[in-house]
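Peer 1: Take this sequence and fold it.
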Amino acid sequence: MTFSISRAALALLCAWQLGATAALAQGADAGDQRDGTIKTVQGDVTVVRGDARAAAIVGGPLRATDRIQTGADSAVAIVLKDGSVLSVGPGSVVDLSDFSFDTTTQEGGMLVNVLRGTVRLATGLIAKLKPEQVKVTTPTTVIGVRGTDFIVEENP
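Peer 2: Numbering: from 1, shown residues only. Below is the predicted model of the structure:
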């Protein structure tokens, strides 16, 4: 089966993608309210924020309530404000359901929801100071963090 797309449709898709990327980046300049930064992107990785969808870009912001979706041969690594590193593997859907971290007091909490796929979490300051404030969930499990580096896989 061959799929073709007209130049006009391709131009429209490119314009939409640029607009969606701008929508995701909006606010990063105004006090930079990011909760994390995308450090590496391999393949097809999408960040969903509300109704906006855009390709993940290195250096791009990640915020609490963002969804990360990776394609079949894709992966992304994100560094959160507390120093945690979230690595999302191929074919995954992961929500940063909740994240807060005060850089002054080093207080905060994190909830990562793994809907599908694989996630590796190397925890940062939140887990070091108050491990009970870091949780990872899947559709069937809630994981309370007691270690510093672990992998979660959810295959529905």
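
Peer 1: what about the strands in the chain?
Peer 2: 36-42, 45-49, 52-55, 61-62, 67-70, 75-80, 85-88, 93-101, 108-122, 134-137, 142-144, 149-154 (DSSP state E).

Peer 1: list the buried ones in the second one?
Peer 2: Read that as strand 45-49. 45-49 (16 or more other Cβ atoms under 10 Å). Any C-beta I mention is one placed from the backbone N, CA and C, and that applies to glycine too.

Peer 1: In a markdown table, list those along with pLDDT and distance to residue 70.
Peer 2: Putting the buried residues of strand 45-49 into a markdown table (pLDDT from 0 to 100; distance: Cβ to Cβ, whole Å) gives the following:
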| residue | pLDDT | distance to residue 70 |
| --- | --- | --- |
| 45 | 98 | 5 |
| 46 | 98 | 8 |
| 47 | 98 | 11 |
| 48 | 98 | 12 |
| 49 | 96 | 16 |
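
Peer 1: For the residue most central in space within the chain, which non-adjacent residue is closest in space?
Peer 2: In the chain, the centroid-proximal residue (Cα atoms, centre = their mean) is residue 68; its distance is 4.3 Å. Nearest residue to residue 68, sequence neighbours excluded (Cβ to Cβ, 6 or more residues apart in numbering): residue 94, at 4.8 Å.

Peer 1: Report how many residues lie close to that neighbour.
Peer 2: Counted with other Cβ atoms under 10 Å, the burial measure for residue 94 works out to 26 neighbours.

Peer 1: Return the residues in contact with it.
Peer 2: 67-69, 86, 88, 112-115, 117, 119 (Cβ atoms under 8 Å, 6 or more residues apart in numbering).

Peer 1: what about the closest residue to residue 106 other than its chain neighbours, how many neighbours?
Peer 2: What sits nearest to residue 106 in space, not counting adjacent residues and going by Cβ to Cβ, 6+ apart, is residue 125, at 5.3 Å. For residue 125, the count of nearby residues is 17 (other Cβ under 10 Å).
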